[in-house]
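Colleague: got a sequence here, can you build the structure:
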Amino acid sequence: MTPQHPTLRKIPRPDCSQGHTCTGSAPGHALPLIQQRVSAATPSKWRDAIVTAVTHSGWISLTTLDDHAKVWVWNHADLGASASVGEPVALHDVYHVLAIGAERVNVLLAPVELLAFSDLVGLS
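Modeller: Numbering: from 1, shown residues only. This is a model prediction of the structure:
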């Protein structure tokens, strides 16, 4: 019998760099319509927060208003023009959508296990 080895299937990464339109729906990329709709349909899952840091690499630091937790989110775009330090935003806890005013952005949440995350993104 021939031994079988698992193989990893390569998933093409969205080409959002260099001005290309983002078509990928991976966390931190384009916001799919279904994700936008389910986040709008579950208003109790939104958490109010304040922006505490914004990097050019797409990372945004938030401090939630209800429990003062620090949360790092990432989007492939530089959101510095949309979100500035001190600005109120809302983060959907279930569907990982960041609301900056009327704009909705798909975000990747940094793992909680990363202590001193600001060191990793160059904010120390």
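Colleague: give me the low-pLDDT residue ranges for the chain?
Modeller: The chain contains residues with pLDDT under 70 at 1-25, 112-124.
Colleague: what about the longest helix in it?
Modeller: Identified as the longest helix of the chain according to DSSP state H is helix 33-40.
Colleague: now the next helix or strand after that one: buried residues?
Modeller: Next along the chain after helix 33-40, taking DSSP states H and E as the criterion, comes strand 46-54. For strand 46-54, a neighbour-count test (16 or more other C-beta atoms under 10 Å) marks W46, R47, A49, V51, T52, A53, V54 as buried. C-beta coordinates here come from the backbone N, C-alpha and C atoms, glycine included.
Colleague: possible to save those as CSV with distance to W74?
Modeller: As requested, the buried residues of strand 46-54 are exported to CSV (distance: C-beta to C-beta, whole Å):
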residue, distance to W74
W46, 19
R47, 17
A49, 15
V51, 14
T52, 15
A53, 12
V54, 11
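Colleague: check contacts around L98.
Modeller: L98 makes contacts with I60, V73, N75, A83, V89, A90, L91, H92, R104, V105, N106, V107, as judged by C-beta atoms under 8 Å, 6 or more residues apart in numbering.
Colleague: pull the helix or strand harbouring it out as PDB, backbone CA atoms only.
Modeller: Per DSSP H and E, L98 falls inside strand 97-100. In PDB, the C-alpha atoms belonging to strand 97-100 read as follows (Å, rounded to 0.1, in the frame of the first residue of the first chain):
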ATOM      1  CA  VAL A  97     -16.700  44.500  10.900                       C
ATOM      2  CA  LEU A  98     -15.300  47.900  11.800                       C
ATOM      3  CA  ALA A  99     -17.700  50.800  11.500                       C
ATOM      4  CA  ILE A 100     -16.000  54.100  10.900                       C
END
